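Student: coordinates only, sequence not included:
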């Protein structure tokens, strides 16, 4: 029986609190180093698909750089949706206002989904991920 | 979103903010859980965990001053009463939060 775990990245390549993207057998994955424990999550944010490695990892919580949706990397669970943008107190020009209204209508039904997670193990200095 | 997980996350992030300000979570675990739960509900509604004990005015600049933990925006007041307005956070030396009354800025001579 073949080992379902595949070597993804050298453990030394990710500092504690760091993240790195890898592509493994067609899966876009982000490997997170949570103080020496490695977790693997889908690369795309569960809100609007932004690449999560561009966000920030604090403890076991990753915050997406695009709209600040947060997830628990140990479970993949979505913890919060997007933070509302500051559009200021001044009224935007009519065309921009119409566009923002259109975007708001589309965004209203966008849900923040939990992330897929992947099993990991460290073997011979490499983080292995099961896809 | 699952409330308990979000409460855990808010606890983690808030703890890092309030510690350097000289505050800690109230030792009253029941009150802490209740207030965090209210904040999770407010965040679900507004996208931001506002203070559950202060009114929203729908003026962004003013409302941003009651995003939890709002200690930096009310520092003199909260230092004077050794707690935040809700009582979610208390000064680090406080062991009996029930002994701290909820006094307004006027009550402590700040207005």
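Tutor: Now that the structure is in, tell me what you want to look at. Here the structure is a predicted model, which is why all the values come from computation and not from measurement.
Student: show me what secondary structure element comes after the lowest-mean-pLDDT helix or strand in chain B.
Tutor: Least confident element among the helices and strands of chain B, by mean pLDDT, DSSP states H and E: helix B:60-63 (a mean of 91). As assigned by DSSP states H and E, the chain's next helix or strand after helix B:60-63 is helix B:75-81.
Student: give the buried residues for that next one.
Tutor: Buried residues in helix B:75-81, counted by 16 or more other Cβ atoms under 10 Å in any protein chain shown: B:77-78, B:81. Yep, even glycine has a C-beta here, placed from its N, CA and C like the rest.
Student: how far does the very next helix or strand once past it sit from the chain's center?
Tutor: From helix B:75-81 onward toward the C-terminus, using DSSP H and E, the following helix or strand is strand B:89-91. How far strand B:89-91 lies from its chain's middle: 9 Å, per Cα atoms, centre = their mean, to the nearest Å.
Student: which strands or helices does strand B:89-91 pack on?
Tutor: strand B:23-25 (3 or more Cβ pairs under 8 Å, 6 or more residues apart in numbering or on different chains; DSSP states H and E).
Student: which residues does residue B:90 contact?
Tutor: B:23-27, B:82-84, B:97, B:100 (Cβ atoms under 8 Å, 6 or more residues apart in numbering or on different chains).
Student: dump the residue contacts of residue B:111.
Tutor: Contact partners of residue B:111, counting by Cβ under 8 Å, 6+ apart, are B:104-105.
Student: repeat that for residue A:14.
Tutor: Going by Cβ under 8 Å, 6+ apart, residue A:14 touches A:20, A:31-33, A:38, A:127.
Student: just residue B:100 next, same as before
Tutor: Neighbour list for residue B:100: B:81-83, B:87, B:90, B:94 [criterion: Cβ under 8 Å, 6+ apart].
Student: nearest to residue B:105 among the residues you listed?
Tutor: Taking Cβ to Cβ as the measure, residue B:81 is the one of the contacts of residue B:100 closest to residue B:105, at 9.2 Å.
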